[in-house]
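Trainee: make a model of this:
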Amino acid sequence: METFTGVLGLAGLAAVGFTLHVCAVLSARLGAVARMRPWYRLFWVGIGSCLLAMGGRLAIVAGLVENGDAGFPLLIVILPLSIGLTASLAAAWFYWRWLFRE
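Mentor: Just a heads-up that it's a prediction; the model follows:
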């Protein structure tokens, strides 16, 4: 059962990465039309951190890392993911805040 939930965790991280990719492409096009700064590059930081988190999660699922050690999964999965998603949130705010105002 642990392997099944680990694979589902990998699929969830892949879905987050794909969503960030779609947001990056749409924001790049919007930025080109509106002549905005290239803030969409922050989405690529988010995608890279998502890939790092997937690698860490894969190491945990494969048994290369003890899951009982609470500090290491925090460093290789949660910390990169939180940094990348914060950067992506900042990029989304720069490009899409006009939607929130409407």
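Trainee: could you point out which element follows the lengthiest helix in the chain?
Mentor: Longest helix in the chain by number of residues (criterion: DSSP state H): helix 2-34. Moving toward the C-terminus from helix 2-34, the next helix or strand (DSSP states H and E) is helix 41-61.
Trainee: show me how far that next one is from its chain's centre.
Mentor: Averaging C-alpha positions (C-alpha atoms, centre = their mean, to the nearest Å) puts helix 41-61 6 Å from its chain's average.
Trainee: which strands or helices does it pack on?
Mentor: Applying 3 or more C-beta pairs under 8 Å, 6 or more residues apart in numbering; DSSP states H and E, one finds that helix 41-61 makes contact with helix 2-34, helix 79-101. Using the backbone N, CA and C atoms, a C-beta is placed for each residue, glycine as well.
Trainee: and the residue nearest to V16 when sequence neighbours are not counted, how many neighbours does it have?
Mentor: Using C-beta to C-beta, 6 or more residues apart in numbering and skipping the chain neighbours, the partner closest in space to V16 is C50 (5.6 Å). C50 has 24 neighbouring residues, counting by other C-beta atoms under 10 Å.
Trainee: OK, contacts around C50?
Mentor: L13, V16, G17, L20, P80, L81, G84 (C-beta atoms under 8 Å, 6 or more residues apart in numbering).
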